[in-house]
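> Quick one, what's the 3D model for this:
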Amino acid sequence: MSASQSMRQSQACFNTEPLEQVCVHTVTNNNITNKSNYRNFEYGVLQDRVLNTYRLMHTYQTVEFVKRKISQWVPCLRAEMTVMEALQALDHLVDESDPDVDFPNSFHAYQTAEGIRSVHRSLDWLHLVGLLHDIGKILSIWGEPQWCVVGDTYPVGCRFQESIVYRNNTFADNPDLKDTRYSSLCGIYEPNCGLEKVMMSWGHDEYLYNVLKTNGCKLPEEGLYIIRYHSFYPWHTKGDYMHLCNHKDLNMLQWVKEFNKFDLYTKNEDLPDIKKLQPYYQQLIDKYCPGKLRW
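This is a model prediction of the structure:
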């Protein structure tokens, strides 16, 4: 059964109400009742930290910087470890770009996975995507500054769109802003070239995608696609950059949007019992990403 067929089957199991409403009910049961409270980049106790992370990101993430990071990290020569070992490393990481929570990222991994599991019960690969989608943030444990690991991603090499967080007050010192090669709507890319041909700002999405590909992990293409673009909020939430998309991207968009409901709206202070959940997710790791992986 294909991933698309599985999704239709999963939706059919909840045909008493639209899937969007099911997701709302799921997060409500986790004491999350107001979606407008999420991704608030205007005010809140964490705003100074968040703004500073994005200011550094938007200053130093250039085409040349991204090329260097691809050369440094895509060969996956840093370490060998299991997925569970990488996930446990996130016990020591708090995402400085996140305005919503201030607890270790490993808890968010289980919250996301369990939210997906409660709705899409038959899609075990999607449960696993929920668990591991952020483990590329291990780059920060290894010394990379958070501004090139966490946060929303966006294309480099073309005009920075207004849909990017803090677009109007954080890009002034980015040298690419003054480079005419990158000033047009498409920049160095062809219209509808496909996102796979577009360089994104460097971060945990692209890194983990390459780790999983390099190690031959058996997640379906939809799962790998979600991992690669789940932080691309200017696209999947704001509807921007469609001029760079091809048919594959537009077809995959439904999966990224569906995943985002759980990535975002399961965040809350009711932290999961990780030890209780580990056996279920370990069997999924053994099925799709077994053994030690190259990182």
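> C-alpha only now, for contacts and for neighbours.
Fine.
> Return the residues in contact with I135.
Residues counted as contacts of I135 (C-alpha atoms under 8 Å, 6 or more residues apart in numbering) are 86-87, 90, 204, 208.
> Farthest-apart pair in those, please.
L90 and L208 (13.8 Å; C-alpha to C-alpha).
> Between those two, tell me which one has more neighbours.
More crowded of L90 and L208, by other C-alpha atoms under 10 Å: L208, with 26 against 23.
> Please list all residues in contact with the more buried one.
133-136, 227-228.
> repeat for I226
The neighbourhood of I226, defined by C-alpha under 8 Å, 6+ apart, consists of 129, 255-256, 259.
> do that again at 7 Å, thanks
Contact analysis of I226 by C-alpha atoms under 7 Å, 6 or more residues apart in numbering lists 255-256.
> list the buried ones in the one helix or strand it maps to?
Using DSSP states H and E, I226 sits within helix 221-229. Across helix 221-229, burial judged by 16 or more other C-alpha atoms under 10 Å covers 222-229.
> next helix or strand past that helix?
Going down the chain from helix 221-229, the next helix or strand is helix 233-236, by DSSP H and E.
> and that following helix, what other elements does it pack with?
Here helix 233-236 touches helix 247-265, going by 3 or more C-alpha pairs under 7 Å, 6 or more residues apart in numbering; DSSP states H and E.
> got the angle between the helix it packs on and helix 221-229?
70 degrees (axes from the mean of the first three to the mean of the last three C-alpha atoms, to 10 degrees).
> which helices and strands does helix 247-265 pack with?
On a contact count with 3+ C-alpha pairs under 7 Å, 6+ apart, helix 247-265 meets helix 105-119, helix 221-229, helix 233-236.
> residues making contact with the helix or strand just after that helix?
For helix 247-265, the following helix or strand on the C-terminal side (DSSP H and E) is helix 274-288. Under the contact criterion C-alpha under 7 Å, 6+ apart, helix 274-288 has outside partners 128, 217-219.
> By neighbour count, which of these wins?
Highest neighbour count within the contacts of helix 274-288, by other C-alpha under 10 Å: L128, with 27 neighbours.
> which residues sit in contact with that residue?
113, 281, 284.
> Doesn't it lie inside a helix?
Yes: using DSSP: H, G, I helix; E, B strand; the rest coil, the secondary structure at L128 is a helix.
> where's it relative to W202, distance?
23 Å (C-alpha to C-alpha, to the nearest Å).
> Kindly report the same for D152.
The value you get for D152 to W202, if C-alpha to C-alpha is used, is 10 Å.
> Settle it for me: which of those two has more neighbours?
The neighbour count for D152 versus W202, taken as other C-alpha under 10 Å, is higher for W202 (27 against 21).
> Tell me which helix or strand that one sits in.
Going by DSSP H and E, W202 is not in any helix or strand.
> and if you look at F103?
Per DSSP H and E, there is no helix or strand for F103.
> give me every residue that touches it.
Counted by C-alpha under 7 Å, 6+ apart, F103 has contacts V94.
> sorry, back to before: mind giving me JSON lines with the buried residues of helix 221-229 and columns for distance to L177?
Compiled in JSON lines, those are given as follows (distance: C-alpha to C-alpha, whole Å):
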{"residue": "E222", "distance to L177": "33"}
{"residue": "G223", "distance to L177": "33"}
{"residue": "L224", "distance to L177": "31"}
{"residue": "Y225", "distance to L177": "29"}
{"residue": "I226", "distance to L177": "29"}
{"residue": "I227", "distance to L177": "28"}
{"residue": "R228", "distance to L177": "25"}
{"residue": "Y229", "distance to L177": "23"}
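> Tell me where the stretch 51-200 of the chain has helices.
63-73, 83-89, 105-119, 124-132, 138-141, 167-170 (DSSP state H, counting those that start in this stretch).
> so which of the ones you listed comes closest to Y189?
Between those, helix 63-73 lies closest to Y189; by C-alpha to C-alpha that is 12.5 Å.
> which residues are in contact with the closest one?
156-157, 201-202, 207.
> Kindly confirm my reading that G239 is in a strand.
No: the assignment for G239 by three-state DSSP gives coil, which leaves it out of any strand.
> what separates it from H133, distance-wise?
Counting by C-alpha to C-alpha, the gap from G239 to H133 is 22 Å.
> residues touching T82, list them.
So T82 contacts 291-293 (C-alpha under 7 Å, 6+ apart).
> In ChimeraX, select just the buried ones from these.
Buried residues within the contacts of T82, by 16+ other C-alpha under 10 Å, are selected in ChimeraX with:
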select :293
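> ok, and for stretch 185-203, which residues are buried?
Going by neighbour count (16+ other C-alpha under 10 Å), the buried part of stretch 185-203 is 185-189, 192, 194-195, 198-203.
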